[in-house]
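*Asks:* Give the three-dimensional model of this entry:
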Amino acid sequence: MNSLHLLLLFGVGAVAGFINVNAGGGSTLTLPTLIFIGLDSAVANGTNRIALIIQNILAVSSFHKNRAYQFKTSLKLAAFTLPGAVIGALISTKISNILFQQILGGVLIFIVFSMFFSRSYKDNNSNISSHKNWFIYLALLGIGFYGGFIQAGVGFLLMAALYHLLRLDLVLVNMHKVFIILIYTVPALLVFVLTENVNWICGAVLGAGNAFGAWWGVHAALKGGEKAIRIILTVAITIMAIKLFGLF
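*Replies:* Coordinates of the predicted model:
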């Protein structure tokens with residue numbers, strides 16, 4: 001591990017942090033980079049979780065400072081992801097994710113179209129209980145499993161679930177998303193630590209980059225609002241879907 005590798009990790013982390021806060025898919029940049037500099041896939045998967053925790057702590061803090069938070073609701077949603085996240089992390093070092101990534105690529109293309117052919121939900125952003133939509137809890141269980149297993153692209157799935165099932169404005173969707181990912185990543189990271197699949201130095205440097213990108217991304221999200229997030233989301237999803245299909 002040399003200084004050039006660490007500089008690369010910081011730069012990639014900054015871009016990934018910005019993308020993760022506004023859409024998702026930043027791990028499709030960070031995981032290949034960690035593997036490129038010499039980590040095996042399991043260690044890269046575990047190391048990436050350090051960066052995600054650092055990134056999302058800063059993101060949640062930034063939303064809070066800008067008075068965009070609903071911690072009680074976020075915690076309630078996050079609780080349903082925890083069982084799946086732990087199980088997903090436990091089996092992530094034993095099962096190939098190639099087929100799942102290809103399936104996810106198709107899901108992401110669907111999300112792109114659904115985001116633009118669905119109406120905005122700006123008027124329904126106060127309380128999840130008013131929607132009485134229990135499908136969100138089932139969706140969160142599955143999303144938690146995927147987040148613990150692979151992580152890459154989980155932001156897209158969370159945004160789709162919160163946007164379509166709870167009918168929230170995209171700024172609120174992003175706020176809940178970063179909190180949920182922060183909560184379930186903690187036990188997932190613990191699994192990787194206990195199985196000795198973490199490189200702490202790489203994780204810290206990548207996390208510093210992610211934190212900077214997250215700070216930048218939150219300010220962009222709050223300033224640009226739903227329109228800006230929609231544009232960023234479309235570009236990020238399209239790039240990730242193409243990558244998952246192995247076209248580059």
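*Asks:* Give me the number of neighbouring residues for Ile50.
*Replies:* 24 (other C-beta atoms under 10 Å). Every C-beta, even on glycine, is put in place using the N, C-alpha and C of the backbone.
*Asks:* what's it in contact with, if anything?
*Replies:* Each residue near Ile50 by C-beta atoms under 8 Å, 6 or more residues apart in numbering is listed here: Leu189, Val198, Trp200, Gly203, Ala204, Leu206, Gly207.
*Asks:* Show me which of those are buried.
*Replies:* Neighbour counting with 16 or more other C-beta atoms under 10 Å marks Leu189, Val198, Gly203, Leu206, Gly207 as buried within those.
*Asks:* Which residue is the nearest non-sequential neighbour of Gly11?
*Replies:* Among residues not flanking Gly11 along the chain, Gly209 sits closest, at 6.4 Å (C-beta to C-beta, 6 or more residues apart in numbering).
*Asks:* ok, that neighbour touching Phe18?
*Replies:* No: the pair Gly209 / Phe18 is not scored as a contact, 10.0 Å apart, by C-beta atoms under 8 Å.
*Asks:* Go ahead and flag the most central residue of the chain.
*Replies:* Nearest to the mean C-alpha position of the chain, counting by C-alpha atoms, centre = their mean, stands Gly155 at 3.6 Å.
*Asks:* Could you identify the helix or strand that succeeds the strand or helix carrying that one?
*Replies:* According to DSSP states H and E, Gly155 maps onto helix 154-165. Toward the C-terminus, helix 154-165 is succeeded by helix 170-194 as the next helix or strand (DSSP H and E).
*Asks:* Show me what that next one packs onto, helices and strands only.
*Replies:* helix 3-22, helix 41-65, helix 71-79, helix 82-91, helix 135-149, helix 154-165, helix 200-244 (3 or more C-beta pairs under 8 Å, 6 or more residues apart in numbering; DSSP states H and E).
*Asks:* Pipe these into TSV and attach mean pLDDT and distance to Gly105 per row.
*Replies:* Putting the helices and strands packed on helix 170-194 into TSV (pLDDT from 0 to 100; distance: least, C-beta to C-beta, whole Å) gives the following:
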stretch	mean pLDDT	distance to Gly105
helix 3-22	88	17
helix 41-65	87	19
helix 71-79	91	26
helix 82-91	93	19
helix 135-149	92	14
helix 154-165	86	11
helix 200-244	76	3
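*Asks:* could those be laid out in JSON lines, adding distance to His176?
*Replies:* Output for those, formatted as JSON lines (distance: least, C-beta to C-beta, whole Å):
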{"stretch": "helix 3-22", "distance to His176": "12"}
{"stretch": "helix 41-65", "distance to His176": "10"}
{"stretch": "helix 71-79", "distance to His176": "5"}
{"stretch": "helix 82-91", "distance to His176": "15"}
{"stretch": "helix 135-149", "distance to His176": "11"}
{"stretch": "helix 154-165", "distance to His176": "6"}
{"stretch": "helix 200-244", "distance to His176": "13"}
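*Asks:* For Leu172, which of these is the nearest?
*Replies:* helix 154-165 (7.9 Å; C-beta to C-beta).
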